[in-house]
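**Student:** Sequence plus predicted model, see below.
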Amino acid sequence: HHLGGVELHAQPCQGTACFVARHRDRDRWSSAERSDPRVYCLGRCYDAPAAADDTTEPHVEIACATSILLGRCVEGGAADLTSYRRSGGYEGLRRARSIGVGATLTEVEASGLRGRGGAGYRTADKWRTARSQPAGARVVVVNADEGDAGAYIDRVLLERDPHAVLEGAAIAAFAVGAERAYVYVRREYPAASAALRAAVTEAEHAGILGRPGLTVTVVEGGGSYVCGEETALLNAIEGRRPMARARPPYPAERGLFGQPTVVNNVETLANVPWILRYGGAAYAALGSGTSRGTKAVSLNSLFARPGLYEVEFGIPLREIVEEIG
């Protein structure tokens, strides 16, 4: 419902995180209820109820011994290529190309990385499935349609560290043999789209992306929550009604335009450069049980200390809620 030239200006958010915080600004919430088109989850849940023209930024903190995701974000971000390379950016992609496809898949498998979109599916298994399909084109899709109530992890990563997501997508594309990638960004994240497009242009000019190699296309969403479901997202990119598809076949077998497609969300791919740079074993040494590595958690405005925190898997939920938050 945001298609057709609708631009976000000062529209207030009508998302669930803003609903539960409506008492903090009753006038804004009343305005949100009257707004047309309705706007959901602007990714500013740390200062809810929020509006599209808010400029406040979240508190970002490392709450674990080893940072994988938020290190650059804490230091102000690395939105440009020079800053990203200064912190070791694209070294993971360089190593992947050096060790080859098989070894790259082995490193990701050894890391135990699971999808951060909610299903927790093993990333290496998804990549191997796409790689093993009959000869032909393959595609990587980055799911940046973050619409869950209270979540703003993807927005911060895309705005402050877009090259990390692009590098992760490039490594995924190398591993599965894809020459095209699409990043589907929710319309409510205009600054994230702008940062991502600028990063793509920089990477193309530097010869990291583009032809020959990986072509990355940024697609803006139309305001539908269901597009966060991977098959509905694929339909949306194809210009079709965004409805979830029946499975099987799974996207890794037959996805975007009928081609084998790897769909990973922003946070999942942001882990990948670290894994290739330092090794799957180093990543697997962090975490607990079948959940390896670290996780970004976003705490909304009803916490005493709202913000974005990186924690290691295995931390008790009580510690996140009652101590960190």
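**Tutor:** Nice, thanks for sending it over.

**Student:** tell me the contacts of residue 315?
**Tutor:** By CB atoms under 8 Å, 6 or more residues apart in numbering, the contact list for residue 315 reads 63-64. Every C-beta, even on glycine, is put in place using the N, C-alpha and C of the backbone.

**Student:** how close does it sit to residue 148?
**Tutor:** 20 Å (CB to CB, to the nearest Å).

**Student:** Ok, residue 27 next?
**Tutor:** Separation of residue 27 from residue 148 (CB to CB): 26 Å.

**Student:** Compare neighbour counts for these two and give me the winner.
**Tutor:** residue 148 (19 against 9; other CB atoms under 10 Å).

**Student:** Wait, that one touches residue 228, no?
**Tutor:** Yes. Contact criterion CB atoms under 8 Å: residue 148 and residue 228 qualify, at 7.4 Å.

**Student:** My understanding was that residue 10 contacts residue 52; is that so?
**Tutor:** Yes. Judged on CB under 8 Å, residue 10 makes contact with residue 52 at a distance of 5.8 Å.

**Student:** Between those two, point out the one with more neighbours.
**Tutor:** residue 52 (17 against 10).

**Student:** so who does the more buried one touch?
**Tutor:** Per CB under 8 Å, 6+ apart, neighbours of residue 52: 8-13, 39, 42, 188.

**Student:** Now tabulate these in TSV and tack on secondary structure and distance to residue 169.
**Tutor:** Formatted as TSV, the contacts of residue 52 follow (DSSP: H, G, I helix; E, B strand; the rest coil; distance: CB to CB, whole Å):
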residue	secondary structure	distance to residue 169
8	coil	26
9	coil	31
10	coil	33
11	coil	30
12	strand	33
13	coil	28
39	coil	28
42	coil	24
188	coil	21
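
**Student:** Which members of these are classed as buried?
**Tutor:** Neighbour-count burial (16 or more other CB atoms under 10 Å) applied to those gives 8, 11-13, 39, 42, 188.

**Student:** now, the most widely separated pair of those residues?
**Tutor:** The distance between the two most remote of the buried ones among the contacts of residue 52 (CB to CB) is 11.9 Å, for 12 and 188.

**Student:** Name the residues contacting each of those two.
**Tutor:** Contacts common to residue 12 and residue 188, judged by CB under 8 Å, 6+ apart, are 39, 52.

**Student:** just to revisit the earlier point, rebuild the buried ones among the contacts of residue 52 as JSON lines, extending it with pLDDT.
**Tutor:** Output for those, formatted as JSON lines (pLDDT from 0 to 100):
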{"residue": "8", "pLDDT": "77"}
{"residue": "11", "pLDDT": "89"}
{"residue": "12", "pLDDT": "94"}
{"residue": "13", "pLDDT": "94"}
{"residue": "39", "pLDDT": "87"}
{"residue": "42", "pLDDT": "93"}
{"residue": "188", "pLDDT": "91"}
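
**Student:** If anything else comes up later, I'll come back, but that's it for now.
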